[in-house]
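Undergrad: Take a look and give me a structure for this.
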Amino acid sequence: IDNQMASYIEIKTTCPGVIITKPIQVLTWKMSHRLSVNLEGFTVPDDGYIIICNHKSAFSHAYGGLNCDFEDPFVASDGYNPVAIIEGIVNNGDFKYIDIYGYPNTNLMSSQKFVFAKGRSIRAMDYPYSVPS
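TA: Okay, the predicted model is just below:
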């Protein structure tokens with residue numbers, strides 16, 4: 001669907017029905033700005049998926065009445081911006097990466113090495129990796 005208002009990020013968890021009690025956030029970088037959605041206190045849906053959409057009504061219309069869990073315009077990125085799941089506090093920089101798509105603090109539009117759109121990226125198992133500094 002070519003509708004940026006209906007764009008979304010879908011996160012598959014292994015803990016359906018659990019309340020997130022840690023300071024878990026979904027973080028992205030747009031140019032030099034960090035934008036995030038706080039998941040702490042949220043109950044993971046029974047299917048295990050957390051959906052963050054750009055605009056709830058556009059998402060619901062585009063995807064046959066489905067609902068998203070969070071609405072935040074940072075997901076309208078066309079796949080150019082890195083997205084991370086972190087634990088900690090974004091504002092003071094005291095956080096650790098749980099998982100990441102792309103490289104932190106980068107503008108992927110210039111390099112276009114990690115463009116991802118109109119599909120699903122799945123990490124099939126735990127994979128040890130290091131995040132470049």
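
Undergrad: in the longest helix seen in the chain, what counts as buried?
TA: Identified as the longest helix of the chain according to DSSP state H is helix 56-62. Applying a neighbour-count criterion of 16 or more other C-beta atoms under 10 Å, one finds 56, 58-59, 62 buried in helix 56-62. Just so you know, the C-beta spots here come from the backbone N, C-alpha and C atoms, and that holds for glycine as well.

Undergrad: And the average pLDDT for it is what?
TA: Averaged across helix 56-62, pLDDT comes to 93.

Undergrad: that older thread, between the buried residues of helix 56-62, which sits nearest residue 76?
TA: Residue 76 lies nearest to residue 58 out of the buried residues of helix 56-62, by C-beta to C-beta, at 10.0 Å.

Undergrad: list the contacts for the nearest residue to that closest one once chain neighbours are set aside?
TA: Distances taken as C-beta to C-beta, 6 or more residues apart in numbering place residue 5 nearest to residue 58, at 3.7 Å, with adjacent residues excluded. Neighbour list for residue 5: 54-55, 58-59, 76 [criterion: C-beta atoms under 8 Å, 6 or more residues apart in numbering].

Undergrad: Just flag the most distant two among these.
TA: Farthest pair in these (C-beta to C-beta) is 59 and 76. Separation: 11.0 Å.

Undergrad: As TSV, the contacts of residue 5 with distance to residue 16 would be great.
TA: Converted to TSV, these look like this (distance: C-beta to C-beta, whole Å):
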residue	distance to residue 16
54	24
55	26
58	26
59	21
76	27
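
Undergrad: Out of these, the closest to residue 29 would be?
TA: For those, the nearest to residue 29 is residue 76 (14.2 Å; C-beta to C-beta).

Undergrad: Around the residue nearest to that closest one when sequence neighbours are not counted, count how many other residues there are.
TA: Among residues not flanking residue 76 along the chain, residue 54 sits closest, at 4.3 Å (C-beta to C-beta, 6+ apart). Residues within reach of residue 54, counting by other C-beta atoms under 10 Å, total 21.

Undergrad: So residue 54 is in contact with residue 4, correct?
TA: Yes. Counting by C-beta atoms under 8 Å, residue 54 sits close enough to residue 4 to count as a contact (6.7 Å).
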